[in-house]
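no sequence on hand, only this structure:
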């Protein structure tokens, strides 16, 4: 530890712009009559996503549940959906979220997320709203491009991601892309993720692009498309090659959601990772009835980076993890 590590990594000018962006975000939702909410950071359940790891702590004290393991949330999604199921209507939240093992140019294990849900709005309607918010903050006048996941792969590398085998994707990676990666041989989704990040998105150019209709296996919280059950109603927004937002037309079927969580946990176990307890509160809320809605999570730190023209997350947060 250096004697200078007490100092912030973001300048006061950047933090002033960050504060102005926060004001803009709240004004955006105030004008659209969305309720700002706060939900717990701690939970007795954790995210079962095979690619996301939760921080764990332990509670020792009084209460009906007694002592036990608790997890820092990786997203406020589940408790917000419980509020939706209870009839609270369209809402948003700005909060800190936590993901273990994530640090680098665009990652800090503690980061700031904006998450919001719109009742009776489909995926494309939500994309319209995300475009309005982001273009306003970034002062971009052009229309954001929209392309399906399948079209993105076909346009850039000539492979259909909905039919390609792991062997075909691995062969392309070895010949034209980032190369071979240990431990991914029989997992098509892992190869798709790798090629998406390393080849497809950089090939689409420096603009604002919505990629939507992801493979069903890559959208455990989204409903399947009514026209093609190979894909789910999920989108991601990329701006200048930076992944900025991840949205879903939300799954409302409790049994299907439980099945997907259990499948994710099995995949975690297969990959040598801890299997997490399911969020039974959330599943009971789904059973009670989640309204037809769409939701999206947006990384505020990355939004600030794009707004001020900086390329590392440490330059837009006061104290990154190594100075925490």
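Looks like it arrived, so ask away. Model, not experiment: these values are computed from the prediction.

find the nearest non-adjacent residue to residue 297, please.
Nearest residue to residue 297, sequence neighbours excluded (CB to CB, 6 or more residues apart in numbering): residue 115, at 4.6 Å. For the C-beta atoms, the positions are set from N, CA and C on the backbone; glycine is no exception.

any idea what the one you found is bridged to?
Note on residue 115: beta-bridge partners by DSSP bridges are residue 93, residue 297.

then residue 247?
For residue 247, the beta-bridge partners under DSSP bridges are residue 235, residue 296.

related to what we said a few turns ago, wait, the residue nearest to residue 297 touches residue 295, no?
Yes. The pair residue 115 and residue 295 qualifies as a contact (CB atoms under 8 Å) at a distance of 6.8 Å.

over to residue 80: give its phi and psi.
Torsion angles at residue 80 (phi, psi; degrees, to the nearest 10) stand at phi -70, psi -40.

okay, it: pLDDT?
As summarised for this prediction, residue 80 has a pLDDT of 98.

residues touching it, list them.
Shown in contact with residue 80 (CB atoms under 8 Å, 6 or more residues apart in numbering): 37, 39, 91, 93, 115, 117, 295.

at 10 Å instead, please
Going by CB atoms under 10 Å, 6 or more residues apart in numbering, residue 80 touches 37, 39, 88, 91-93, 95, 115-117, 282, 295.

quick check: buried residues in stretch 292-301?
Along stretch 292-301, these residues count as buried under the neighbour rule (16 or more other CB atoms under 10 Å): 293-301.

for the closest residue to residue 85 other than its chain neighbours, give me its contacts.
In space, and not counting its chain neighbours, residue 85 is closest to residue 285: 3.9 Å by CB to CB, 6+ apart. Residue 285 sits next to 78-79, 81-86, 254, 279 when contact means CB under 10 Å, 6+ apart.

show me where the chain has strands.
35-36, 42-43, 56-59, 68-72, 91-98, 110-119, 145-148, 208-215, 231-239, 242-249, 293-299 (DSSP state E).

quick check on the contacts of residue 285: which are buried?
Using 16+ other CB under 10 Å, the buried members of those are 78-79, 81-85, 254, 279.

okay, those in a markdown table with distance to residue 11 next?
Listed next are the buried ones among the contacts of residue 285 as a markdown table, based on distance: CB to CB, whole Å:
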| residue | distance to residue 11 |
| --- | --- |
| 78 | 36 |
| 79 | 35 |
| 81 | 38 |
| 82 | 39 |
| 83 | 37 |
| 84 | 39 |
| 85 | 43 |
| 254 | 48 |
| 279 | 39 |
